[in-house]
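S.K.: missing the sequence, but the structure's below:
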């Protein structure tokens, strides 16, 4: 097959995959809205709120992620491990990707460390050829780029170590929020593209303040609990019921009322009418 035809097939294939993914997201979003407006809530709605992000990882392989790739090229795999791929490393350090692959394969480390911190993946390039790349952990990234020298390289190392720290904090908060507000966090991830940590913290803190008069962090401090510990065992049944009801109402408001202050006013009104 001529080279131009091969390239065209690769581009069409990648475009079709993207269109299918977008179509899936649209159908999922409308289905979720329909179910909510039809009165479906609570555990019955939960299966429809689970939407792993998908990234093509080669031929017909789909890689699920907990947090999709952000503007810095960082993402979290389905287990919540922050990662960066070798193509991004090549781009930010001004290197050819095949040279970065060579550097990874030539690292002077144990096989165990290599397997744990460098996950091999494949992707289709613009010429419709299958190519190898690596998704690396923070430890893998640091081990690899230690050998990259120069002032520019040093600045990138420092910046990306800081970005890894930020991603790890984001994942901790996301996992905590999922425990306390599973439906709400699933819908924030669905509605917001590349959601920031404060999207989750603002909503969760707002609901806790309305019902409890304080945030989850303050409740943990009162009981001497570690960060990330669920506060539910320390709440009254009526408080848990109120938080769960407000969570379900807030799901609909996230779609219909993007303004945070307006959502807060409505939720406060709903809480006063329903529970006081």
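M.R.: Here it is on my side, so go on. Just so it is clear, the model here is predicted, and its values are computed rather than measured.

S.K.: figure out how far stretch 183-193 is from the centre of its chain.
M.R.: In this view, stretch 183-193 has its centroid 10 Å away from the chain centroid, taken as C-alpha atoms, centre = their mean, to the nearest Å.

S.K.: and that stretch, what's buried?
M.R.: Using 16 or more other C-beta atoms under 10 Å as the burial criterion, the residues of stretch 183-193 that qualify are 183, 184, 185, 186, 187, 188, 189, 190. Placement of C-beta: from N, CA and C, glycine included.

S.K.: what does the pLDDT read for the spatially most central residue of the chain?
M.R.: With distances taken as C-alpha atoms, centre = their mean, the chain has residue 67 as the residue nearest its mean C-alpha position (1.7 Å). If you check residue 67, the pLDDT there is 76.

S.K.: next, give phi and psi for it.
M.R.: phi -130, psi 120 (degrees, to the nearest 10).

S.K.: not counting its neighbours along the chain, what's nearest it?
M.R.: Across the structure, with C-beta to C-beta, 6 or more residues apart in numbering as the measure, the residue nearest residue 67 apart from its sequence neighbours is residue 76 (3.9 Å).

S.K.: what segments of the stretch 51-200 of the chain are strands?
M.R.: Per DSSP state E, counting those that start in this stretch, the stretch 51-200 of the chain has strands spanning 53-56, 62-67, 74-77, 82-85, 118-124, 130-137. These are given in chain order.

S.K.: and residue 233, how many neighbours does it have?
M.R.: Other residues near residue 233 number 9, with proximity taken as other C-beta atoms under 10 Å.

S.K.: secondary structure of it: a helix, I assume?
M.R.: Yes. According to DSSP: H, G, I helix; E, B strand; the rest coil, residue 233 belongs to a helix.

S.K.: so that it lines up with my notes, have the first residue be 48 from now on.
M.R.: With the count now opening at 48, the last piece we talked about shows up as residue 280.

S.K.: pLDDT value on it, please?
M.R.: According to the model's per-residue confidence, residue 280 sits at a pLDDT of 80.

S.K.: what do you get for residue 274?
M.R.: In the predicted model, residue 274 carries a pLDDT score of 80.

S.K.: low-confidence stretches in the stretch 48-197 of the chain?
M.R.: Counting by pLDDT under 70, the ranges of the stretch 48-197 of the chain that qualify are 48-111.

S.K.: does the residue nearest to residue 114 really touch residue 218, like I thought?
M.R.: Yes. Look at residue 123 against residue 218 with C-beta atoms under 8 Å: they come within range, at 5.4 Å.

S.K.: higher neighbour count, the two?
M.R.: Under the criterion of other C-beta under 10 Å, the comparison of residue 123 against residue 218 puts residue 123 first, with 21 against 18.

S.K.: what's across from that one in the sheet?
M.R.: Listed by DSSP bridges, the beta-bridge partners for residue 123 are residue 114, residue 129.

S.K.: that one: what's it in contact with?
M.R.: If you count contacts by C-beta atoms under 8 Å, 6 or more residues apart in numbering, residue 123 has them with 112, 113, 114, 129, 130, 214, 218.

S.K.: out of these, who's nearest residue 261?
M.R.: Relative to residue 261, the closest of the contacts of residue 123 is residue 218; by C-beta to C-beta it sits at 24.5 Å.

S.K.: how close does residue 151 sit to residue 322?
M.R.: Here residue 151 is placed at a distance of 56 Å from residue 322 (C-beta to C-beta, to the nearest Å).

S.K.: okay then, goodbye and thanks.
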